[in-house]
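S.K.: Task: produce atomic coordinates for the following.
(2 chains)
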Amino acid sequence: MNLALKDIRHGLFRFVLTCFGLGLLMTVVLAMIGIYNGLVSDALAVVKAPAADVWVVEAGTKGPFAEASSIPADTRDAVARMPGVAEAGAVNYQNVEAAHTGQTLRLYVIGYEPGRPGGPQAIAEGRGIGAGHFELVADRKTGLLPGETIRLGRDRFTVVGLVEGAMNSGGDPAVYVTLADAMALQTELDPAAQRVQTARGAVSVKSASVATIIARMSPGADVDLLTATVRQWKHLAAMTQVEQEELLLASVVDKARRQIGLFLGILLSVSAVVIALIIYTMTMEKLKQIATLKLIGAPDRTIIALIVQQALILGAAGWGIGLMLILTVKDYFPRRVVLEPFNVMVLAGIIAAVCLLSSALGVRAAMKVDPATALGS
Amino acid sequence: MALGDILIEVSNVAKHFGEGETRVDALRAVDLTVRAGEVIALLGPSGSGKTTLLNIIGCILAPSGGRVVLDGEPVFDGKWLRRDLRRLRLDKIGFIFQSHNLLPFLTAQENVAVVLDLAGRPTEEGRARARELLDYLEVGHRAMVKPALLSGGEAQRVAIARALANRPRIILADEPTAALDGARAGLVMDLMRKLAVEQEACIVTVTHDEKIFDRFDRLIYLRDGRLADA
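M.R.: From the prediction side, this is the model:
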């Protein structure tokens, strides 16, 4: 006879409500884990997208993500000619805000050279950029649809395709345009401002600089040799893909990551206290019944099983409800929520450990109960 | 095993609480023998030591001195002679409480069967024994009902069935009729007496209920921790 299940069934409504409350708490914990993962994943998405082996940036900077970097666009030809380089492409990055259907979209504009590294990896809908100007491929999260147009700077662009999972470390969805369009967007002034500059006799501020050169290596080529060679040019610096990813995590998202990590730790601590309190209260409410069980001869293992099983069922139900809820609502979060099976299983392990530890408090109280208290009242 | 066997033998049992100036002697050199088939009542004013004696016989409380033999087995002689006192209670002693103390999350039948379940008997055997006892105590029709829905008399009969489930030869009852009216209290006591004879068991009852005094074989008075047969 399983006393734990019988007791749960007896107060099912209350137990389900308790599980639901715990489930909501688990939803928040899972959401924080997902947001934490999403932050890292988003930050790395823009670095991983070009599938680069080497990033060539301005000397003395940690560009193009951690710091601004500006190098001559023709550096691409020099890099492409270096031993071991299979292909190279110049890329620009910038944030813009654009009005669209009455709303302001914050976009991460990536300018690349079609046919060279730096463009979108896979088109989810529509096609890639085919014309030299005024076409863009947008991340689905922008809300833009193929065929729509949007004004960026002084020009109107047509959306020709959609991609997924392309964004910067701040979560702003990316749009891909040609490098020429991106450079124009970066340097061309508003007509009124242009007129003022012309009246002052200023020359065009348009320059042929890009943020970075992305290089892909031939199979078996030595990446370290290439970076060492590039660094010999005093005006350039080079990083491997791994170094760029580490740099991004260490500088750009580190504070946010630690903040979320700390908040996650606090949430887990709160969850542990709440679980402990629930289990302890559930046990305290049963002390008379436990005394009766002891008096009629129930061994300690029966009483321990009653408490521990209920604690584990509570934890498992809370975890299950939390998982179900977060899977239902995760796509409605403003930032990406990425739940890895590993994280979910680790949380299950933590909850199980917390339940066992919490039930130890209840077990301790139950073991202290004098069976004589069942008599005479 | 037969009627007349000595089931409870308490010799020179004493119990005190505290030491020095705060010492309270709850029992002083108590001797008591109860035989199979006997139904006895422990009477006395509050603080006279009735519950202390009941707890000592029930192996819930260790005496400060003396010797206790239950169903022919010495269980205390200056110290407990068995470590597994709960198993001893499970095998030899049945308890009936003032407020039936049924487990609220179990049905009447499960409340009885749980004793056999704890004793490691097969589920089917527990179920059959529970049905048999509940039918015998005329609450079989309420077998699948939870305690909250039982009347006071029905709940007390289920509690008696639970006390008898494992066929103990010693039944200890603490104010078993306190929650019942006079007529029901008499019926419960008659039932307990009948069971004591049929199962060759003895029943030791702590009670203040004068309406049922005539149902006992012996009334034993406790005053200031000392025994006096009446």
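
S.K.: May I see the buried residues of the helix or strand of chain B with the lowest mean pLDDT?
M.R.: Least confident helix or strand of chain B, by mean pLDDT, DSSP states H and E, is strand B:226-229 with a mean of 74. Neighbour counts over strand B:226-229 (16 or more other CB atoms under 10 Å in any protein chain shown) mark B:Leu227 as buried. No exception for glycine: its C-beta is placed from N, CA and C like everyone else's.

S.K.: Point out the other helices and strands that it packs with.
M.R.: Identification of packing neighbours for strand B:226-229 by 3 or more CB pairs under 8 Å, 6 or more residues apart in numbering or on different chains; DSSP states H and E yields strand B:24-35, strand B:218-223.

S.K.: Which among those is found nearest to chain A?
M.R.: strand B:24-35 (12.8 Å; CB to the nearest CB).

S.K.: do you know which of the helices and strands packed on strand B:226-229 lies nearest A:Pro173?
M.R.: For the helices and strands packed on strand B:226-229, the distance to A:Pro173 is smallest for strand B:24-35, at 80.2 Å, taking CB to CB.

S.K.: Any buried residues in the closest one, and which?
M.R.: B:25-28, B:30, B:32, B:34-35.

S.K.: what does stretch B:215-223 give?
M.R.: By neighbour count on 16+ other CB under 10 Å, the buried set for stretch B:215-223 is B:215-216, B:220-222.

S.K.: Show the model's pLDDT score for A:Leu357.
M.R.: pLDDT for A:Leu357: 87.

S.K.: And the one 3 residues further on, by the same measure?
M.R.: According to the model's per-residue confidence, A:Ala360 sits at a pLDDT of 88.

S.K.: Same check on B:Met1?
M.R.: With respect to pLDDT, B:Met1 scores 61.

S.K.: Also the one 3 residues further on?
M.R.: Reading off the per-residue confidence, B:Gly4 sits at a pLDDT of 69.

S.K.: in chain A, which spans are strands?
M.R.: Along chain A, counting by DSSP state E, strands occupy A:54-58, A:71-72, A:85-100, A:103-112, A:125-126, A:135-139, A:149-152, A:155-163, A:174-178, A:209-210, A:212-217, A:236-240.

S.K.: contacting residues around whichever residue of chain B sits closest to chain A?
M.R.: Nearest to chain A in chain B, going by CB to the nearest CB, is B:Leu90, at a distance of 2.7 Å. Contacts here follow CB atoms under 8 Å, 6 or more residues apart in numbering or on different chains; on that basis B:Leu90 touches A:296-297, B:115, B:118-119, B:166.

S.K.: One more: B:Asp217?
M.R.: By CB under 8 Å, 6+ apart, the residues touching B:Asp217 are B:38-40.

S.K.: can you tell me which of those are in strands?
M.R.: In strands, judged by DSSP E, the following of the contacts of B:Asp217 are found: B:39-40.

S.K.: And the buried ones among the contacts of B:Asp217, selectable in ChimeraX?
M.R.: In ChimeraX, a selection of the buried entries from the contacts of B:Asp217 looks like this (16+ other CB under 10 Å):
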select /B:38,39,40
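
S.K.: could you redo the contacts of B:Asp217 as a markdown table and give each row pLDDT and distance to chain A?
M.R.: A markdown table is the format used below for the contacts of B:Asp217 (pLDDT from 0 to 100; distance: CB to the nearest CB, whole Å):
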| residue | pLDDT | distance to chain A |
| --- | --- | --- |
| B:Glu38 | 90 | 21 |
| B:Val39 | 90 | 19 |
| B:Ile40 | 92 | 17 |
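
S.K.: Tell me which residue is most central in chain B.
M.R.: Most central in chain B under CA atoms, centre = their mean is B:Leu172, positioned 1.1 Å from the mean C-alpha point.

S.K.: Low-confidence stretches in chain B?
M.R.: Within chain B, the ranges that satisfy pLDDT under 70 run B:1-4, B:179, B:229-230.

S.K.: What are the boundaries of the strands in it?
M.R.: For chain B, the strands defined by DSSP E occupy B:6-17, B:24-35, B:39-43, B:65-70, B:73-77, B:93-96, B:170-174, B:202-206, B:218-223, B:226-229.

S.K.: Pick out the residue of the stretch 1-150 of chain A closest to chain B.
M.R.: Closest approach of the stretch 1-150 of chain A to chain B (CB to the nearest CB) occurs at A:His10, with a separation of 3.4 Å.

S.K.: How many residues are close by the closest residue to that residue other than its chain neighbours?
M.R.: Distance criterion CB to CB, 6 or more residues apart in numbering or on different chains; nearest residue to A:His10, sequence neighbours excluded, is B:Phe105 at 3.4 Å. When neighbours are defined as other CB atoms under 10 Å in any protein chain shown, B:Phe105 has 20 of them.

S.K.: pretty sure B:Phe105 is touching A:Lys6, no?
M.R.: Yes: using CB atoms under 8 Å, B:Phe105 makes contact with A:Lys6 at a distance of 4.9 Å.

S.K.: Could you report the distance from A:Ile372 to chain B?
M.R.: You called it Ile, but residue A:372 is Ala. Distance, A:Ala372 to chain B, by CB to the nearest CB, to the nearest Å: 5 Å.

S.K.: Show the contacting residues for the nearest residue to that residue once chain neighbours are set aside.
M.R.: Using CB to CB, 6+ apart and skipping the chain neighbours, the partner closest in space to A:Ala372 is B:Ile60 (4.7 Å). Counting by CB under 8 Å, 6+ apart, B:Ile60 makes contact with A:295, A:370-372, A:375.

S.K.: Repeat that for A:Met282.
M.R.: A:Met282 neighbours (CB under 8 Å, 6+ apart): A:307, A:310, A:362.

S.K.: again, 10 Å this time
M.R.: Going by CB atoms under 10 Å, 6 or more residues apart in numbering or on different chains, A:Met282 touches A:7-8, A:11, A:14-15, A:18, A:306-307, A:310-311, A:314, A:359, A:362.

S.K.: from these, which would you call buried?
M.R.: For the contacts of A:Met282, buried by 16+ other CB under 10 Å: A:7-8, A:15, A:18, A:306-307, A:310-311, A:314, A:359, A:362.

S.K.: from the residues you listed, which two are the most distant?
M.R.: Largest separation among the buried ones among the contacts of A:Met282 by CB to CB: A:Thr18 and A:Leu306, giving 16.3 Å.

S.K.: Could you count how many residues lie near residue 61?
M.R.: Going with chain A. By the measure other CB under 10 Å, the count of residues near A:Thr61 is 16.

S.K.: that's the other chain; I wanted chain B
M.R.: B:Leu61, neighbours per other CB under 10 Å, totals 19.

S.K.: Kindly report the same for B:Glu19.
M.R.: Neighbours of B:Glu19 (other CB under 10 Å): 7.

S.K.: Cheers, nothing more for now.
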